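Trainee: predicted coordinates and the sequence they were generated for:
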Amino acid sequence: MDQEKVGKFIARLRRERGMTQEKLGERLGVTNKTVSRWETGRYMPDVDKLLELSGLLGVSVNELLSGERLETPERAAEKAEENLISVLSQSDTFGLSDRIAYFKHKWLSEHKFDIGLTVILYLAAATAALIWVGPAMLAAVILLGVGLYGLMRNRMMAYVEERAFKK
């Protein structure tokens, strides 16, 4: 399976339907960056998105995975077999470390506001503790910060494990 060919095919079909990457992403429940990654051939759509994507683009899943329209039944059967063999021979498109890195990045990007707000509030509390109460309170605020960091990291890793290790 040629990911770049598939990506170019997705881009062409999307443009033929007058959709932006953002609009297609909204309809599929993914980001426009995800659609962009599909179209550049860096990633393939998840299996659970293939049927919905093929429906939105007006092609069969077989045509989508082939990266071309399959005009004859013979050609469709031939490509179906090639696609099946390709998928089975690549039991995992990404390695575990790739999946972990991807989901960490995804979690961080989805929680930028929360993280930023937490950091700002933490710095304000640390400054206030140092100015008005003193070093003892600053130490307590630092311990609170370590606890907040641990909590956020734990939430991120739970998210990553739930997705990266799921087959």
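Mentor: Alright, I've got the coordinates. Numbering: from 1, shown residues only.

Trainee: longest helix in the chain, please.
Mentor: For the chain, the helix with the greatest residue count under DSSP state H is helix 135-164.

Trainee: residues of it that come out buried?
Mentor: When neighbours are counted by 16 or more other C-beta atoms under 10 Å, the buried residues of helix 135-164 are found to be Met137, Leu138, Val141, Gly145, Met152, Met156, Tyr159, Val160, Ala164. Every C-beta, even on glycine, is put in place using the N, C-alpha and C of the backbone.

Trainee: any idea how far that helix is from the chain center?
Mentor: Relative to the mean C-alpha coordinate of its chain, helix 135-164 is positioned 24 Å out (C-alpha atoms, centre = their mean, to the nearest Å).

Trainee: now do stretch 31-46
Mentor: Here the centre of stretch 31-46 is set off from its chain's centre by 9 Å, with C-alpha atoms, centre = their mean.

Trainee: one more: stretch 71-87?
Mentor: Averaged over its C-alpha atoms, stretch 71-87 has a centre that lies 28 Å from its chain's centre (C-alpha atoms, centre = their mean).

Trainee: where's Ala9, which helix or strand?
Mentor: To be clear, residue 9 is Phe; Ala isn't right here. The secondary structure element spanning Phe9 is helix 3-16 (assigned by DSSP states H and E).

Trainee: return that helix as PDB; C-alpha atoms alone will do.
Mentor: Once non-C-alpha atoms are left out, helix 3-16 reads as follows in PDB (Å, rounded to 0.1, in the frame of the first residue of the first chain):
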ATOM      1  CA  GLN A   3       0.600   5.800   1.700                       C
ATOM      2  CA  GLU A   4       1.600   8.800  -0.400                       C
ATOM      3  CA  LYS A   5      -0.600   7.700  -3.300                       C
ATOM      4  CA  VAL A   6      -3.500   7.200  -0.900                       C
ATOM      5  CA  GLY A   7      -2.900  10.600   0.600                       C
ATOM      6  CA  LYS A   8      -2.900  12.300  -2.700                       C
ATOM      7  CA  PHE A   9      -6.100  10.500  -3.600                       C
ATOM      8  CA  ILE A  10      -7.800  11.600  -0.400                       C
ATOM      9  CA  ALA A  11      -6.700  15.200  -1.100                       C
ATOM     10  CA  ARG A  12      -8.000  15.100  -4.600                       C
ATOM     11  CA  LEU A  13     -11.400  13.600  -3.600                       C
ATOM     12  CA  ARG A  14     -11.700  16.100  -0.800                       C
ATOM     13  CA  ARG A  15     -11.100  19.000  -3.100                       C
ATOM     14  CA  GLU A  16     -13.500  17.600  -5.800                       C
END
